[in-house]
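Engineer: Build me a model:
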Amino acid sequence: MREIRRVKAGRRQESCAGLQRALEDLRRQRADCLLLGCTELPIAFKQSQLGARSEALPTIDPTDLLARACVDAARGSGASLRGKTV
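Structural biologist: Now for the predicted structure:
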């Protein structure tokens, strides 16, 4: 929660450092992936470029998945979620 509050407050450097610590902790615990389950987290994750680092965990952005599903539903295809585990 602290990092989310920092993102909302525009304290980017502090939030990036906190996200890095959280990511390292999850790696130590052998997490399989990182669920960016708050709307601020995908933004902060991209701004911090944590996702671009080779040691980064695979990420799931529920907001992105939902947006793609909505577009597909509007188009009548449902293609972007087919075959994906969410």
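
Engineer: measure the residue nearest the centre of the chain to Arg12 for me?
Structural biologist: In the chain, the centroid-proximal residue (CA atoms, centre = their mean) is Leu36; its distance is 3.2 Å. Noted for Leu36: a distance of 16 Å to Arg12, by CB to CB, to the nearest Å. Where you see a C-beta, it was placed from the backbone N, CA and C, and this is true even at glycine.

Engineer: buried stuff in the host helix or strand of Asp25?
Structural biologist: Here Asp25 sits within helix 12-28, counting by DSSP states H and E. The neighbour-count check on helix 12-28 (16 or more other CB atoms under 10 Å) flags Ser15, Cys16, Gly18, Leu19, Leu23 as buried.

Engineer: how many other residues sit next to Leu34?
Structural biologist: Using other CB atoms under 10 Å, the number of residues around Leu34 comes to 21.

Engineer: tell me the phi and psi of it?
Structural biologist: Torsion angles at Leu34 (phi, psi; degrees, to the nearest 10) stand at phi -120, psi 120.

Engineer: Now do it, the pLDDT please.
Structural biologist: Note on Leu34: pLDDT of 86.

Engineer: tell me the contacts of it?
Structural biologist: Leu23, Leu26, Phe45, Ala56, Leu57, Pro58, Thr59, Ile60 (CB atoms under 8 Å, 6 or more residues apart in numbering).
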